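[1] Give me a 3D structure for the following:
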Amino acid sequence: MRSLFDPIPKTDLKLLEAFSKREWQLIPILETTTKTTKKLVVVSNKPFKGYATAWPAYANKFGELAESIPKTLQKSSLVKVRPQVALMLHRAQQILNSNPDTARFQLVLVDGYRRIDVQRKLFVAYKNFLAKMHPDIDEHELNDRAQQMVSIAPENLETVKKCPPPHSTGGAVDVVLMEKSDKINMSNMINFGARFDEMMHPKYKDERSFMEFYEGTADNEEVKKNRRVLFNVMTRVGFTNYPYEFWHYDFGNQFHALCTGSKNAKYGFAGSMA
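    Numbers count the residues shown, from 1 in each chain. So this is what the prediction gives:
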């Protein structure tokens, strides 16, 4: 079993290429998509001892992308995920608690299930940023570049059935670690060497968001250690990491299937098709 402090393995170049070509969209989904919303559970936004907790980024304008949008993207203070995903998050917190070197860390879920309209607003915001940065590239290339950091939200419901954005399945989670306190205080987020949702930095753009950005460097030992803890505890309980974002993990959806080499994905679109 990997230690929580083991180095992050180098991502297979074939996997990065598969993500860039969006091959995950071709993986069949076992779950039948109907007009009924799939069962999701709420992860509590109160720091109960021994459990992961939630703090919705897009209701609190937390993170670089959310702050770039004039209004908050969602009114709800609830973060929902698939029931099995919630159990896995709580298991990850228990592992942190059981290690004296990580017991001070609180696992915080900042995003889980994401409505299609919220997904679309995030995509448009990032695409508009890229358009200003690169006025010479065409619409197709803009969409292509934007999708590395924010999945496009299909307009066609049939496309949503076949390849929903990972967050719209309830199987994708955005997580960070903070120092434990009686209340959720994101100023206590530990140092990951980049902000959550960092993709518009004046110098680094989205580069520092790559999970392995600090691996192999001679400095930033604290940052490397913190990223390793997050990666190792999440993968130990069964999640896979989307390598372009140190905060993004998946289970059961097409991203997870691509990373694990599975022929099928377990989870489809979790929202209503009405």
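[2] residue contacts, residue 61?
    Applying Cβ atoms under 8 Å, 6 or more residues apart in numbering to residue 61 gives the contacts 67, 69, 72. Every C-beta, even on glycine, is put in place using the N, C-alpha and C of the backbone.
[3] Also residue 4?
    Residue 4 touches 95-96, 99, 101-102, 228-229, 232-233, 236, counting by Cβ under 8 Å, 6+ apart.
[4] Do you know the pLDDT at it?
    We have a pLDDT of 97 for residue 4.
[5] distance of it from residue 177?
    11 Å (Cβ to Cβ, to the nearest Å).
[6] anything in contact with each of these two?
    Residues touching both residue 4 and residue 177 (Cβ under 8 Å, 6+ apart): 96, 229.
[7] Report the buried residues of the regular element (helix or strand) spanning residue 235.
    Residue 235 is located in helix 221-236, with elements delineated by DSSP states H and E. Across helix 221-236, burial judged by 16 or more other Cβ atoms under 10 Å covers 223-236.
[8] tally of neighbours for the nearest residue to residue 32 once chain neighbours are set aside?
    With Cβ to Cβ, 6 or more residues apart in numbering as the criterion, residue 32 has its nearest non-adjacent residue at 7.4 Å, and that residue is residue 268. Here the number of neighbours of residue 268 (other Cβ atoms under 10 Å) works out to 25.
[9] same deal with residue 113?
    Neighbours of residue 113 (other Cβ under 10 Å): 25.
[10] And for residue 179?
    Quick note: residue 179 (other Cβ under 10 Å) scores 12 neighbours.
[11] tell me the pLDDT at it?
    96.
[12] try the one 4 residues further on
    According to the prediction, residue 183 has pLDDT 86.
[13] Helix, strand, or coil at it?
    coil (DSSP: H, G, I helix; E, B strand; the rest coil).
[14] Export the contacts of residue 61 as TSV, with columns for neighbour count.
    Output for the contacts of residue 61, formatted as TSV (neighbours: other Cβ atoms under 10 Å):
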residue	neighbour count
67	12
69	16
72	13
